[in-house]
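J.: one predicted model, sequence on top.
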Amino acid sequence: MNDYAFVKGHGTENDFVLIPDANGRHELTAEQVARICDRRAGIGGDGVIRVVRTDATEDPAAVAARGEARWFMDYRNSDGSLSEMCGNGIRVLGLYLVTHADVDPREPLKIATRAGIKVLTFEGDKITVDMGKPEVLGDTKVSIDDRSWAATRISMGNPHAVAFVDSLDDAGSLLTEPDYDHGHFPEGVNLEFVVRRGDHHVALRVHERGSGETRSCGTGACAVMVAAALSDGAERGTSYQVDVPGGSLDIVWTEDDRILMTGPAVLVAEGMTDL
């Protein structure tokens, strides 16, 4: 039986198991990922991040980033399915690289993902991620039981549907996936339910595809900020506070059409596992 090193961390309580694999020796199966993420029989997490160099994996996104980014974020949802990007997870990965891989936090850090190269900057205990350009794709509808809400389709490299509701309790238990238009989202979607807390201040609950309800979703918070800013007619450069069950994130939509997300990351444990 082989043992593998792991590190566990979270960003606003969206938690991940990192598998250090700089040399690309440990391709993970969906079954292994699901077992790792099991909160009773495994380590427990909302997803798994395999930490691998871009020159040590043949994933097309990593290959395309060679020469520009050294590290690749091989991210899997807790059910083992592949995902393009995770905004909280990439901050945790960035902190791991600073503390375990001799990355200099005084310099911007480029990390390759399946949603393109993301750039991280470090200031004290906060990490800012340039999440790239949002895509606003039009209207849709989401439903829970006999209730439906209009929603906005937004891509942050992965798909989101953002619905404003009267109360976060309207989302119910989120133990099962809400209904949505599968024609708009053939590969599934992250569903955000949002309320306003004040000027440039919103709060959300989220059901993530492949993981269920989580304590936070970084890309989801960015999508929510975009939807709120469009609804408010807010000027570019306006900062929004986005509250999630696990904390708060600060998000800005810049003049040059990029989303900057700032938040914490924490490493809480490391050890060995036989997967």
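T.: That came through fine.
J.: gap between the closest residue to G188 other than its chain neighbours and A69?
T.: Distances taken as Cβ to Cβ, 6 or more residues apart in numbering put R209 closest to G188, at 3.7 Å, once the chain neighbours are dropped. In short, each C-beta sits where N, CA and C put it, glycine included. Distance of R209 to A69, computed by Cβ to Cβ, to the nearest Å: 25 Å.
J.: now find how far off-centre the helix or strand hosting F72 is within its chain.
T.: Here F72 sits within strand 71-77, counting by DSSP states H and E. Using Cα atoms, centre = their mean, to the nearest Å, the distance from the centre of strand 71-77 to the centre of the chain it belongs to is 11 Å.
J.: for the one helix or strand W149 maps to, C-alpha coordinates in PDB please.
T.: Taking DSSP H and E as the definition, one finds W149 inside strand 147-155. The C-alpha trace of strand 147-155 is given here as PDB (Å, rounded to 0.1, in the frame of the first residue of the first chain):
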ATOM      1  CA  ARG A 147     -40.900  28.300  -6.400                       C
ATOM      2  CA  SER A 148     -38.900  29.900  -9.200                       C
ATOM      3  CA  TRP A 149     -36.700  32.900  -9.600                       C
ATOM      4  CA  ALA A 150     -35.200  34.800 -12.500                       C
ATOM      5  CA  ALA A 151     -31.400  34.300 -12.600                       C
ATOM      6  CA  THR A 152     -28.400  35.700 -14.500                       C
ATOM      7  CA  ARG A 153     -26.000  33.400 -16.300                       C
ATOM      8  CA  ILE A 154     -22.400  34.400 -15.600                       C
ATOM      9  CA  SER A 155     -19.200  32.600 -16.500                       C
END
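J.: strand partners of that strand, parallel vs antiparallel please.
T.: With DSSP bridges as the test, strand 147-155 is paired with strand 135-144 (antiparallel), strand 159-164 (antiparallel).
J.: where in the chain is pLDDT low?
T.: Scanning the chain for pLDDT under 70 picks out 1.
J.: domain assignment for it?
T.: What the record gives for the chain is the domain set 4-132+264-273, 135-257, from automatic domain parsing.
J.: what does the strand holding F72 contact?
T.: Residues outside strand 71-77 that contact it (Cβ atoms under 8 Å, 6 or more residues apart in numbering): 28, 30, 33, 46-54, 57, 59, 61-62, 65, 82-86, 89-90, 93, 97, 101, 111-114, 208-211.
J.: among the residues you listed, which are in strands?
T.: 47-53, 111-113, 208 (DSSP state E).
J.: and the angle from the one helix or strand H10 maps to to strand 47-53?
T.: When elements are defined using DSSP H and E, H10 is found to belong to strand 4-11. Interaxial angle of strand 4-11 relative to strand 47-53 (axes from the mean of the first three to the mean of the last three Cα atoms, to 10 degrees): 120 degrees.
J.: after the host helix or strand of M261, next one along is what?
T.: For M261, the host element (DSSP H and E) is strand 259-264. Using DSSP H and E, the helix or strand that follows strand 259-264 in sequence is strand 266-273.
J.: quick one: contacts of that following strand?
T.: Contacts of strand 266-273 (Cβ under 8 Å, 6+ apart): 3-11, 36, 43, 92, 95-96, 99.
J.: partners of it, with directions?
T.: Counting by DSSP bridges, strand 266-273 is paired with strand 4-11 (antiparallel).
J.: tell me the angle the following helix or strand past the partner strand makes with strand 4-11.
T.: Per DSSP H and E, the first helix or strand lying C-terminal to strand 4-11 is strand 14-20. Compare the direction of strand 14-20 with that of strand 4-11 by the same axes, to 10 degrees and you get 150 degrees.
J.: list the helices and strands strand 14-20 packs on?
T.: Packed against strand 14-20 by the contact rule (3 or more Cβ pairs under 8 Å, 6 or more residues apart in numbering; DSSP states H and E) you find strand 4-11, strand 47-53, helix 87-100.
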